[in-house]
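Sharing a sequence plus its predicted fold:
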Amino acid sequence: MSENNHKNTNCDTDPGHPQTQKTSEPSSSSLISNSPEEKCNNTPPPQKQSPETTACPQMPLEASSHEANKSDLKPQEPDYAAEAAKFREIALRTAADFDNYRKRTAREKEDAQRLANMSLLERILPVLDSFELGLQAARSGSPDSPFVVGFEMVKRQLDDFLKDSGVAPIDAIGAPFDPNLHEAVGTEFHPEIPEGCVVRQMRRGYKFHDRVLRAASVFVSKGPQPQE
């Protein structure tokens, strides 16, 4: 019994025996090294970079660009002379446009008044023709009668009214025929008035300023009558 125990103790202490080798228990130092704090402390320190790698070659460029941006952000002083010239040109153009507008409106107003007066005067002309025919008939009877004198006074008032309104009669007799002023009613021979000129008029024509209010109805001469 004592021998067996002795053998067992030998087996336990024999380091060469394969079954008797005991695993070494972790020491207190290894347990401490496996703690989380130790793991954090055991992280390798950051490698120091060389001056060549740490130096940034673009710093001067960035600094210069930053200074350029600062210079761009600085408020620029306005060019007061250019601004004054610009507003002066606008003012002159506006004044010229207003002057043209004023002249155009005045011209349009004048044209509108002329057209309105022209329409009224055209309606008066037939009445004036009838009055002249009546005056001619009165003169042929007794030219010195008070009736004729009264008619002539009214005729002068009508002529003054037409003249003040811008209406003037067209002198047609003896003048060359003008289709813009004359309306040919017929032709006839005349020993003194050359061919193509007005011999006589049937109805007087009138002009309103520079426009023809009514063309004159006339007979045109064919010249002297040929001898047989």
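Structure received.

How much space separates the nearest residue to G196 once chain neighbours are set aside from R104?
Of all residues not flanking G196 in the chain, F177 sits nearest, at 5.6 Å (Cβ to Cβ, 6 or more residues apart in numbering). To be clear about C-beta, it is placed using only N, CA and C from the backbone, and glycine gets the same treatment. Remark: distance between F177 and R104 (Cβ to Cβ, to the nearest Å) = 38 Å.

Comparing these two, which residue is more hemmed in?
F177 (19 against 10; other Cβ atoms under 10 Å).

The more buried one reaches V199, doesn't it?
No - contact criterion Cβ atoms under 8 Å: F177 and V199 do not qualify, at 9.9 Å.

Find residues that contact each of these two.
Counting by Cβ atoms under 8 Å, 6 or more residues apart in numbering, the residues touching both F177 and V199 are V218, V220.

Check which residues of the helix or strand where D160 lies are buried.
For D160, the element it lies in under DSSP states H and E is helix 146-164. For helix 146-164, the neighbour count (16 or more other Cβ atoms under 10 Å) marks V148, F151, L162 as buried.

rewinding a little: and the residue nearest to G196, backbone torsions?
Here is the backbone geometry of F177 (degrees, to the nearest 10): phi -70, psi 130.

Distance check, it against P126.
Using Cβ to Cβ, F177 is found at 24 Å from P126.

what ranges do the strands span in this protein?
Shown for the chain, the strands assigned by DSSP state E span residues 167-169, 182-188, 198-203, 206-208, 211-214, 216-221.

Show me the contact partners of the longest one.
The one in question is strand 182-188. Here strand 182-188 has contacts from 170, 172, 177, 198-199, 202, 205, 215-222, using Cβ under 8 Å, 6+ apart.
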